[in-house]
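*Asks:* model this:
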Amino acid sequence: MNLRDLMRKAETLSDYMTALRRRIHQNPELGFYEKETCALVRKELSSCGVVLAPLEVEAGVVGLLQGRGPGPGTVTALRADMDALPIPEKTGLPYASRNPGVMHACGHDGHVAMLLGAARILSETVDAFSGTVKFLFQPAEELLTGARKMIESNCLKNPQVDRLVAVHGWPDMEVGKIGVYPGPYMASADRFEISIQGAGGHGGYPHRTRDPIIAAAHTVLALQSIISRETDPLDQAVLSVCTVSAGNAFNVIPDQAVLGGPVRCLEGRVRADLHKKIRRVAESTPRAVGCEGRLDWTELVGPLVNDPETIRMISEVGEAVLGDGSVERLPGPVMGSEDFAAYLEHVPRGALFRVGLKGAGCEVKPLHQSGFDFNDDALPDGASVLAGFVLHFHGS
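*Replies:* As a prediction, the model looks like this:
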């Protein structure tokens, strides 16, 4: 199939993808609980001849499609995330979430629909490409742990994946365009929690206590100086204290205070350095006021580094499928995180691109907001570029 004809093919599947997307939107599921979504994905993949591969992760799906055309046995994986967010939906749409307190506020419903559309296109064109396509539908991207679980379940093996591509909807870009960024694009994400142990007592006699709240206040300020005074301004890094808890009575100084938050940066050496400095502050600052501090550190995901060659390939396909001027360089790097980065640690030849969601005269709310809804007009764009990547670079 000529790549310029691919968009027309995708548009014939627009109603199919829209119906799927809205069904998934209406039935959102949190990370590692995507049972109904997985059942729908398995049904749709099987209906178009995609073979379902065994997978230990219950809330994940891997599909295999073998090309019949002449050429190398390259294995390309295409990935979509499936989980929703714990946000009450306020769109007022007829297909709004039926699950109270849970909604698709990051567009993963659209990602699933686009990849299922690409699977249907490719299943009808198996004579036009060689090698194997793996369709990866993963859970729990919002927890930044779903990709790791998929990898531990050998989703990248049997056969071994050579190249990996993912797409994410982007409200700041017009429908009909895709966005790319080569090299380090998204930040790593780690979680810290600092427990401060003091000795509580009567609020009228603070001199008889070792106040963990005072220690926590000093610790919060000291943590901020790690970025402002101990990190090179050219090494982008963010440390945010997002939770602080202590006490439950207005006249009682508690025994303990707990604070925590995320740490993000773009390079491995900065990540390791921040860990050491946060541990130093967590232990030494409370000690200065008579308390004890303990750091619990959780590594979530490393920086997302897009392979420049894969970005070039995606751009080439985007221009061919969507037309001249349809590919834009994204602003970046950005300090958000994506667990697609975990795959790229194992398959460096891979990249994530954005698909525009902004329609003419139509406002698209930002991601992770209660009024967000994926623009269905963008579904053929994502599906055609995903399918086009395989047809162009596996093509006979």
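
*Asks:* what packs against the helix or strand where residue 121 lies?
*Replies:* Residue 121 is part of helix 108-123, with elements assigned from DSSP states H and E. Contacts defined by 3 or more Cβ pairs under 8 Å, 6 or more residues apart in numbering; DSSP states H and E place helix 108-123 against helix 3-12, helix 14-26, helix 35-47, strand 61-66, strand 75-81, strand 132-138, strand 163-174, helix 379-393. Quick note: C-beta positions are derived from backbone N, CA and C, even for glycine.

*Asks:* what sits up against the fifth one?
*Replies:* To tie it back to what came earlier, the one meant is strand 75-81. With Cβ atoms under 8 Å, 6 or more residues apart in numbering as the test, strand 75-81 has contacts from 108, 111-112, 114-115, 118, 131-139, 141-142, 146, 155-156, 159-167, 340, 343, 347, 350, 386, 389-390, 393-394.

*Asks:* ok so, going back, okay, angle between the helix holding residue 121 and helix 35-47 too, please.
*Replies:* 10 degrees (axes from the mean of the first three to the mean of the last three Cα atoms, to 10 degrees).

*Asks:* How far off centre is helix 108-123?
*Replies:* 17 Å (Cα atoms, centre = their mean, to the nearest Å).

*Asks:* could I get that helix in PDB with only the CA atoms?
*Replies:* Output in PDB follows, covering the C-alpha atoms of helix 108-123 (Å, rounded to 0.1, in the frame of the first residue of the first chain):
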ATOM      1  CA  HIS A 108      -4.900   6.200  27.100                       C
ATOM      2  CA  ASP A 109      -8.400   5.300  25.700                       C
ATOM      3  CA  GLY A 110      -7.300   7.000  22.400                       C
ATOM      4  CA  HIS A 111      -3.900   5.300  22.500                       C
ATOM      5  CA  VAL A 112      -5.600   1.800  22.700                       C
ATOM      6  CA  ALA A 113      -8.000   2.700  19.900                       C
ATOM      7  CA  MET A 114      -5.200   4.000  17.600                       C
ATOM      8  CA  LEU A 115      -3.100   0.800  18.100                       C
ATOM      9  CA  LEU A 116      -6.200  -1.400  17.500                       C
ATOM     10  CA  GLY A 117      -6.800   0.600  14.300                       C
ATOM     11  CA  ALA A 118      -3.200   0.100  13.200                       C
ATOM     12  CA  ALA A 119      -3.500  -3.600  14.000                       C
ATOM     13  CA  ARG A 120      -6.500  -3.900  11.700                       C
ATOM     14  CA  ILE A 121      -4.800  -2.000   8.900                       C
ATOM     15  CA  LEU A 122      -1.600  -4.200   9.100                       C
ATOM     16  CA  SER A 123      -3.700  -7.400   9.400                       C
END
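
*Asks:* what about it, average pLDDT?
*Replies:* Average pLDDT, helix 108-123: 98.

*Asks:* about what we covered before: same list, the helices and strands packed on helix 108-123, but as CSV with mean pLDDT please.
*Replies:* Output for the helices and strands packed on helix 108-123, formatted as CSV (pLDDT from 0 to 100):
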stretch, mean pLDDT
helix 3-12, 92
helix 14-26, 98
helix 35-47, 98
strand 61-66, 98
strand 75-81, 98
strand 132-138, 98
strand 163-174, 97
helix 379-393, 97
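
*Asks:* Now tabulate the ones you listed in CSV and tack on distance to residue 296.
*Replies:* Output for the helices and strands packed on helix 108-123, formatted as CSV (distance: least, Cβ to Cβ, whole Å):
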stretch, distance to residue 296
helix 3-12, 47
helix 14-26, 35
helix 35-47, 31
strand 61-66, 33
strand 75-81, 27
strand 132-138, 26
strand 163-174, 30
helix 379-393, 39
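
*Asks:* Including distance to residue 210 and mean neighbour count, could the ones you listed go into a markdown table?
*Replies:* Putting the helices and strands packed on helix 108-123 into a markdown table (distance: least, Cβ to Cβ, whole Å; neighbours: other Cβ atoms under 10 Å) gives the following:
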| stretch | distance to residue 210 | mean neighbour count |
| --- | --- | --- |
| helix 3-12 | 65 | 17 |
| helix 14-26 | 51 | 19 |
| helix 35-47 | 48 | 17 |
| strand 61-66 | 53 | 22 |
| strand 75-81 | 46 | 24 |
| strand 132-138 | 46 | 26 |
| strand 163-174 | 48 | 22 |
| helix 379-393 | 56 | 27 |
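
*Asks:* so which of those gets nearest residue 100?
*Replies:* Closest to residue 100 of those, according to Cβ to Cβ: helix 14-26, at 12.7 Å.

*Asks:* helices or strands up against the closest one?
*Replies:* Using 3+ Cβ pairs under 8 Å, 6+ apart, helix 14-26 is in contact with helix 35-47, helix 108-123, helix 379-393.

*Asks:* quick one: the first one to strand 75-81, angle?
*Replies:* To tie it back to what came earlier, the one meant is helix 35-47. Using the same axes, to 10 degrees: helix 35-47 against strand 75-81 is 150 degrees.

*Asks:* cool, and the second one?
*Replies:* With the same axes, to 10 degrees applied, the angle from helix 108-123 to strand 75-81 works out at 150 degrees.

*Asks:* returning to what we had before: mind putting the helices and strands packed on helix 14-26 in a markdown table, distance to residue 25 included?
*Replies:* What follows is those, written out as a markdown table (distance: least, Cβ to Cβ, whole Å):
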| stretch | distance to residue 25 |
| --- | --- |
| helix 35-47 | 11 |
| helix 108-123 | 4 |
| helix 379-393 | 12 |
